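Student: Mind looking at a prediction? Sequence and model below.
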Amino acid sequence: MPIDAATSALNLSFPPTAAATGFVIPQSRSFTVSVNPVVLFSILDHYLRRQENQHRVIGTLLGVRSEDGSEVEVRNCFPVPHDETQNQVAVDMEYHGSMFELHKKVNAKEVIVGWYATGANLNQWNALIQDFYSKEVLPPFQAIHLTMDTDLKNEEKLLGVKTYVSAPIGTSAKPENCLFLPVPCDIKYFDAERSGLDLLASAKDQPDRSTTLISDMDNLEKTILAVQEMLDRISDYVNKVLNGTIPENNNIGRFLMDTISVVPKIEKLEFEKMFNRFINGGLPC
Amino acid sequence: MATNGTSTTITKESPSNVNVTNVTAALDIEGNVPLESVQLDGLVILKIIKHCREFFPNTVTGQLLGLDVNGVLEVTNCFPFPGPTKYQVDMMRCLREVNVDHNTVGWYQSTYLGSFVTHKLIETQYNYQQTFNNKNVSRSTHGNLSLRAFRFTQAFMDAQRENKFTSESLLKNKLTFSNIFEELPITIKNSHLITALLHSLDDFENVIPQGGISTLDKETVTGPLTPNFDTLELSLDPYIEKNLEFLLEAIDEHGQEQSNFAFWQRSVTREQTKLQTALQKRKQENVHRLAAGQELLPEEEITKLFKLPPEPSRLDSLLITAQINNYCKQLNQYSGPTLGKLFMSGELQKP
């Protein structure tokens, strides 16, 4: 479970298909969930904009599945208003429906894969809502429940992201009873998104939490500085090993060998030719 | 209606309480303080990128939601436009229910190599800017993200309102290709929770990076925030090639516009000479008639007889020039880092 500290909870494999209850669970083999950062951003934004008396927010997760259902990528999400008290919970299903229709118009590939809630605790309402979403998800797949610890009450002060699937519990299946089984989840994003994320991440150590866009030139400078720092670090390490101050590590040595061996060796003349060609291509501008 | 830029509390209190005064202040001030910069939420950037990526290489458009507070336009959310306007209305209604800022503050459009100065854009932007104030153009290239915010200058708005782009009106409004748009500086701001999330993302060393190929649709997906060295990529040709190709196309179009204009000028001169000769003739005739004691023929009649062809709209050539300017700027900006990279690899090859 990536963005969370190591958990002691067992990651159980799926229970055998409970055919008797009519609950079909596909593929009891490995099952992984990956989350796109935009989902986490949306959830946090939703949480910030919650109603005054609300303690947590929920919403629908959209995403795509691999054919056998063993891999789920959560790509998008939208908030769903809900109301919960000590005694009852009400989810605005109409809202959920119309919002899903709207999302479908933009990206038809993304289907409902589950739901999210903020707060790390699971309670009986989670089971009820899970029951609702289980019906929304196309069978034979299962609804995924994703929680995000927005209270930051855990020891590591991380925004623990956990994903679960549910299994019916008891001899007769009741919607309010279910067993949440943790499933491993990680963060995945596309190449195009990385530049955006890099940019956002550059604001994280700023006291005012803001940043500006930088030009290509500045960006190159930053990257070169980063490479330089890495080179310094590694040459420092190599020197230390040579001096005998620290013991050598075969793995690091192997990585270094691999890296050095991929540096292309080009004949001097050949290189000069190529170099001049590129210069000519770059200069007229 | 929380603008997280101004919210100082994070979790425990309701943000709606804290910001009520800000919101009303913003609404009062709107229109009085001119916009000076645009502030984007991290969420907006990711959503725009997601939308653009899914439809690449087609261009996409969407709406930006937010508030303008004291001259800073805070864009806090956005959604894509799949087409019909009904979608827009429904989406706005839905978003309002979950306390998202439902003020339309502008729109975004994805572009390929910055070729965005088109007729369609002008129309859309004009419609928006009559009521709102902003526009965003985003362009995503490898390694570095490019997001830019534009709005029309007052001069262009005046000209567009009159819907007249003759040389005269361009001169009157002091409009040239470089002042169709004014660019607004963009800052990016994360909420406290997002900052916490980014730190969390950075923190997990207990996980082996799960990089590799997504099995779902064959696009590369990378693991957590590992260092990014895409900027060092040395494949220069495609970008420059494409850019030059577009540039040449634009220059061709510009040439066409020029010859159109020249044609108009020629026909104007031709008509004018005809008019002059006719006038001359009439005058001579009148002299004769005067001598013969006959009644004079009116001269105005002739001026009415000849119609000068109307001047073609200069908007096209204006836009093309702006576009050429854009391509040149891009090439210029690109070649700097490129040369840097080249010399770097040159150093690397030295024995």
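Tutor: Sure thing, it's come through. Numbers count the residues shown, from 1 in each chain, chains lettered A, B, ... in the order given.
Student: What ranges does chain A have for its helices?
Tutor: Along chain A, the stretches classed as helices by DSSP state H are A:37-48, A:93-106, A:124-136, A:191-201, A:216-243, A:250-261, A:268-282.
Student: Can you get me a residue count around residue 108?
Tutor: Since no chain was named, I'll use chain A. When counting by other C-beta atoms under 10 Å in any protein chain shown, one arrives at 9 neighbours for residue A:108. Glycine gets a C-beta too; all of them are placed from N, C-alpha and C.
Student: I was thinking of chain B, sorry if that wasn't clear
Tutor: For residue B:108, using other C-beta under 10 Å, the count is 25.
Student: swap in residue B:273?
Tutor: Residues near residue B:273, counting by other C-beta under 10 Å, number 10.
Student: What separation do you get for it and residue B:287?
Tutor: Computed with C-beta to C-beta, to the nearest Å, the distance linking residue B:273 and residue B:287 is 21 Å.
Student: swap in residue A:42?
Tutor: Counting by C-beta to C-beta, the separation of residue A:42 from residue B:287 is 86 Å.
Student: Next: residue A:232.
Tutor: 97 Å.
Student: just residue B:45 next, same as before
Tutor: 78 Å.
Student: so where is the stretch 101-250 of chain A shaky, pLDDT-wise?
Tutor: For the stretch 101-250 of chain A, the stretches with pLDDT under 70 are A:139, A:152-159, A:170-176, A:191-192, A:213-216.
Student: would you list every one of the strands in the stretch 1-150 of chain A?
Tutor: Counting by DSSP state E, counting those that start in this stretch, one finds strands in the stretch 1-150 of chain A at the ranges A:32-35, A:58-65, A:71-80, A:82-84, A:89-91, A:111-118, A:144-148.
Student: quick one: average confidence on the fourth one?
Tutor: Along strand A:82-84, the predicted local confidence has a mean pLDDT of 82.
Student: sorry, back to before: who has more neighbours, residue B:45 and residue B:287?
Tutor: Taking residue B:45 and residue B:287 together and counting by other C-beta under 10 Å, residue B:45 has the greater number of neighbours (26 against 11).
Student: is the host helix or strand of that one anywhere near chain A?
Tutor: Residue B:45 is located in helix B:42-55, with elements delineated by DSSP states H and E. Yes. Applying C-beta under 8 Å from any C-beta of the partner chain, one finds helix B:42-55 touching chain A at B:42-43, B:45-47, B:49-54.
Student: ok, so what distance separates residue A:148 from chain B?
Tutor: According to C-beta to the nearest C-beta, to the nearest Å, residue A:148 and chain B sit 9 Å apart.
Student: Can stretch B:76-84 be said to contact chain A?
Tutor: Yes. Counting by C-beta under 8 Å from any C-beta, chain A has neighbours in stretch B:76-84: B:76-77, B:80, B:82-83.
Student: Can you tell me which of those residues end up in strands?
Tutor: Per DSSP state E, strands hold the following members of the residues of stretch B:76-84 next to chain A: B:76-77, B:80.
Student: still on that earlier bit, quick one: which of the strands of the stretch 1-150 of chain A is nearest residue A:246?
Tutor: strand A:32-35 (36.9 Å; C-beta to C-beta).
Student: Off-centre distance for that closest one?
Tutor: In this view, strand A:32-35 has its centroid 7 Å away from the chain centroid, taken as C-alpha atoms, centre = their mean, to the nearest Å.
Student: Could you spell out the sheet neighbours of that strand, each with its direction?
Tutor: Strand A:32-35 has its sheet partners listed here by DSSP bridges as strand A:71-80 (parallel), strand A:185-187 (parallel).
Student: okay, these in CSV with mean neighbour count next?
Tutor: Written out in CSV, the entries for those read as follows (neighbours: other C-beta atoms under 10 Å in any protein chain shown):
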stretch, mean neighbour count
strand A:71-80, 23
strand A:185-187, 23
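Student: To residue A:99, which of those strands lies closest?
Tutor: The closest approach between residue A:99 and any of those, judged by C-beta to C-beta, belongs to strand A:71-80 at 5.0 Å.
Student: the inter-axis angle of the closest one versus strand A:58-65?
Tutor: 150 degrees (axes from the mean of the first three to the mean of the last three C-alpha atoms, to 10 degrees).
Student: would you put the C-alpha positions of strand A:71-80 in CSV?
Tutor: The C-alpha coordinates for strand A:71-80 follow below in CSV (Å, rounded to 0.1, in the frame of the first residue of the first chain):
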residue,chain,number,x,y,z
GLU,A,71,-6.1,-4.8,-12.5
VAL,A,72,-8.0,-1.6,-12.0
GLU,A,73,-6.9,1.9,-12.7
VAL,A,74,-8.9,4.6,-11.0
ARG,A,75,-8.6,7.5,-13.4
ASN,A,76,-11.3,9.9,-12.4
CYS,A,77,-13.9,10.6,-9.7
PHE,A,78,-16.7,12.9,-8.8
PRO,A,79,-18.2,13.9,-5.5
VAL,A,80,-21.7,12.7,-4.4
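Student: when you compare where that strand runs with where helix B:42-55 runs, what's the angle?
Tutor: Computed with the same axes, to 10 degrees, the direction of strand A:71-80 lies at 130 degrees from that of helix B:42-55.
Student: Could I get the contacting residues of residue A:200?
Tutor: Neighbour list for residue A:200: A:211, B:42, B:45-46, B:188, B:190, B:194, B:198 [criterion: C-beta atoms under 8 Å, 6 or more residues apart in numbering or on different chains].
Student: One more: residue A:211?
Tutor: If you count contacts by C-beta under 8 Å, 6+ apart, residue A:211 has them with A:199-200, A:202-203, B:187-188.
Student: Which strands or helices does the helix or strand hosting residue B:342 pack on?
Tutor: Per DSSP H and E, residue B:342 falls inside helix B:315-349. Packed against helix B:315-349, as judged by 3 or more C-beta pairs under 8 Å, 6 or more residues apart in numbering or on different chains; DSSP states H and E, are the following elements: helix A:216-243, helix A:268-282, helix B:119-131, helix B:237-292.
Student: quick revisit: for the strands paired with strand A:32-35, which one sits closest to residue B:326?
Tutor: In terms of C-beta to C-beta, the element of those nearest to residue B:326 is strand A:71-80, at 32.3 Å.
Student: Report the distance from that closest one to the chain centre.
Tutor: Between the centre of strand A:71-80 and the centre of its host chain there is 10 Å, according to C-alpha atoms, centre = their mean.
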